[in-house]
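Colleague: Just the structure for this:
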Amino acid sequence: MNSSGKATAKMKDKKSENITEDEAALYDRQIRLWGVDAQKRLRAARVLLAGVCGLGAEVAKNLVLSGVKSLTLLDHRSVTETDTRANFLAPCDSIGKNIAEASQERAQILNPMVEVTADSSNIADKTSDFFTQFDVVCVMRCRQQELIRINEICHQNKTLFFAGDVFGMFGYMFADLQEHQYIEEVKEKKQIEDNGKKQIVEDTKFVKRTEHFVPLSQALDIDWTSKKYASQLRRTSPAYFIMQIIMEFISLHGRTPGPSHREEDKIELLTIKNALLEKLNVPSDKVGNQFAGIVFGQLSPVCAIVGGVLAQEIIKAVSQKDLPHNNFFFFSTLDGAGVVECIGH
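Modeller: Numbering: from 1, shown residues only. Here you go, the predicted structure:
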């Protein structure tokens with residue numbers, strides 16, 4: 001059996017697992033919303049969440065409440081005072097403790113039926129075998145090259161991969177679901193005749209569809225001078241390039257832009273912007289300089305927005321219900337709205 005066949009067989013096995021009476025009562029509203037088969041798939045899903053930051057806390061909360069089988073919180077960092085403001089899972093008296101371990105108890109209390117564990121290791125030390133234990137891998141607070149490495153492992157092993165982060169008033173998520181099959185509700189109007197009178201009625205059908213995804217490396221390696229992407233550049237959100245600028249900043253400095261270094265980091269971000277856009281053959285005015293002043297820290301409202309979308313996409317992917325975002329979602333207060341971009345196909 002090939003890897004695609006194995007993935008399909010695994011999903012069938014998950015669907016066949018029964019839901020207990022207690023689970024049916026707890027998840028009654030969700031089952032009414034997306035169906036018992038979707039809830040069975042969620043119930044069987046083993047999720048790795050790496051990077052227990054403000055965004056990570058939002059995603060963890062939503063996944064635990066949805067009723068996944070297990071959630072592993074992975075992070076080697078210690079809790080800082082800033083973390084206790086953004087990450088509501090980490091108690092105020094946990095400063096100095098490992099942030100994954102400090103966040104475990106509150107995450108577990110949200111839903112005792114979900115197994116929540118903590119791992120204080122560094123994600124950079126994890127081998128391929130570690131990631132293949134999970135059905136979903138969601139990574140935050142990670143360098144670009146590490147994201148690409150983990151994504152490649154997941155892509156080869158048919159593991160659902162998500163990445164995301166929040167920087168001040170800016171946030172993003174990325175998804176690679178490989179070849180993803182899902183069920184979509186389609187409403188159609190048709191004409192019927194009743195007692196000689198013609199009426200228009202609405203009929204609901206469930207249609208099976210397939211969506212193809214690309215790995216992060218391919219979504220970042222774009223030739224903007226090519227015929228295809230040169231014409232697409234004007235419509236592409238500046239947020240896509242802001243994400244890459246911040247990724248480059250992290251690679252160079254080993255940290256995110258920080259409030260305590262605000263002025264020098266703003267200068268550095270603009271320097272990186274000019275160099276990166278020149279390298280990509282993208283006009284420098286594609287990204288306005290205002291972004292450099294809004295990417296410090298993690299703001300809870302932005303974490304809630306991006307975390308809500310990210311968790312929603314994980315739930316949709318696992319349950320195989322509805323069209324997933326393919327492949328980026330960006331949020332910026334400069335735009336005041338979220339946008340979905342499909343890049344790299």
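Colleague: Which strand residues bridge residue 193?
Modeller: Going by DSSP bridges, residue 193 is paired in beta bridges with residue 198.
Colleague: What is the neighbour count of it?
Modeller: Using other CB atoms under 10 Å, residue 193 is surrounded by 8 other residues. (Each C-beta comes from the backbone N, C-alpha and C, glycine too.)
Colleague: Next one: it, what pLDDT does it get?
Modeller: If you check residue 193, the pLDDT there is 75.
Colleague: Relative to residue 199, how far out is it?
Modeller: From residue 193 across to residue 199, the span is 8 Å (CB to CB, to the nearest Å).
Colleague: I figured residue 178 hits residue 214, correct?
Modeller: No. Residue 178 is beyond contact range of residue 214, at 9.1 Å (criterion: CB atoms under 8 Å).
Colleague: Please tell me how far the nearest residue to residue 78 once chain neighbours are set aside sits from residue 84.
Modeller: In space, and not counting its chain neighbours, residue 78 is closest to residue 96: 5.6 Å by CB to CB, 6 or more residues apart in numbering. Using CB to CB, residue 96 is found at 11 Å from residue 84.
Colleague: Looking at the two, which is more packed in?
Modeller: More neighbours surround residue 84 than the other of residue 96 and residue 84, with 18 against 9 (other CB under 10 Å).
Colleague: ok, and what's touching whichever helix or strand that one is part of?
Modeller: Residue 84 belongs to helix 81-86 when assigned by DSSP states H and E. Contacts to helix 81-86, defined as CB atoms under 8 Å, 6 or more residues apart in numbering, come from residues 53-54, 57, 90-92, 94-95, 99, 297-300, 303.
Colleague: What of stretch 131-141?
Modeller: The contact list for stretch 131-141 (CB under 8 Å, 6+ apart) reads 10, 44-51, 53, 55-56, 59, 72, 75, 77, 123, 146-147, 150, 153-154, 157, 159-165, 256, 310, 314, 317-318.
Colleague: One more: stretch 181-201?
Modeller: Outside stretch 181-201, the residues within contact range by CB under 8 Å, 6+ apart are 202-211, 316-317, 320-324.
Colleague: what's the single longest helix in this structure?
Modeller: helix 300-319 (DSSP state H).
Colleague: Put the alpha carbons of that helix into CSV.
Modeller: Taking Å, rounded to 0.1, in the frame of the first residue of the first chain, the C-alpha atoms of helix 300-319 are listed here in CSV:
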residue,chain,number,x,y,z
SER,A,300,-3.9,39.2,22.7
PRO,A,301,-6.6,40.4,20.3
VAL,A,302,-4.4,39.5,17.3
CYS,A,303,-3.6,36.1,18.9
ALA,A,304,-7.3,35.5,19.3
ILE,A,305,-8.1,36.3,15.7
VAL,A,306,-5.2,34.3,14.1
GLY,A,307,-5.5,31.5,16.7
GLY,A,308,-9.2,31.2,16.0
VAL,A,309,-8.5,30.8,12.3
LEU,A,310,-5.6,28.5,12.8
ALA,A,311,-7.5,26.2,15.1
GLN,A,312,-10.5,26.3,12.8
GLU,A,313,-8.4,25.1,9.9
ILE,A,314,-6.9,22.3,11.9
ILE,A,315,-10.4,21.2,12.9
LYS,A,316,-11.6,21.4,9.3
ALA,A,317,-8.6,19.4,8.1
VAL,A,318,-9.0,16.6,10.7
SER,A,319,-12.7,16.4,10.4
